[in-house]
Structures are given as structure tokens and as C-alpha cells.
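In: return a 3D structure for these sequence lines:
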Amino acid sequence: MEFSELLEILSDLHPEVDFETAEKLFDNKILDSFDVVTIITEVGSEFDIQIPADQIVPENFNSAKALYDLICRIEDDE
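Out: Residues are numbered from 1 along each chain as shown. A predicted model of the protein is given here:
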């Protein structure tokens, strides 16, 4: 998976947000729980991975980089 592909998924959700620089997406309520479910679904179907329930925590969704790092860890474990 490329970082740009993740940015495209995120930008489709919130085109007004600069996901390359934004941090605290979840803490600042830019992303809500519905967005997280959508992201999990999109990433799962696009890249054929499953995000484990114990990894669905705010820290992993506070920035595009944190989410990308999570996806890379999951891909490395598979």
C-alpha cells in the first residue's frame, strides 16, 4: 500500500482536511466513529487486510501517518 492511496481514501471522506499535515484527527473530532468504521471498511476491501479490534484505538486514527503505520504493521504480520 502506498501512502498516497490512503490519503485518497481519507480525502474522499473529508476533502476539506489536509491529511498530510493534520494530527489529532480523532481527538479534535475531525474523524468520528462512523468515519473510523468507513476507513476500516475501505482499507480492508482495498488492500485485503483486517484491522484487529484491539488496534482500533484513537492513537491509530489521529493522523494519516499513524494509520499508515498501523496498516504497514498489519501487512508485515500477514
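
In: what about the helices in this protein?
Out: Secondary structure of the chain by DSSP state H: the helices cover 3-13, 33-47, 64-77.

In: quick one: the second one to helix 64-77, angle?
Out: In terms of direction (axes from the mean of the first three to the mean of the last three CA atoms, to 10 degrees), helix 33-47 departs from helix 64-77 by 40 degrees.

In: just list what helix 33-47 packs against, helices and strands only.
Out: helix 3-13, helix 64-77 (3 or more CB pairs under 8 Å, 6 or more residues apart in numbering; DSSP states H and E). C-beta: built from backbone N, CA, C; applies to glycine.

In: need those in JSON lines (columns: distance to residue 38 and mean pLDDT).
Out: Below are these laid out as JSON lines (distance: least, CB to CB, whole Å; pLDDT from 0 to 100):
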{"stretch": "helix 3-13", "distance to residue 38": "6", "mean pLDDT": "95"}
{"stretch": "helix 64-77", "distance to residue 38": "12", "mean pLDDT": "94"}
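
In: I am finished for the moment; much appreciated.
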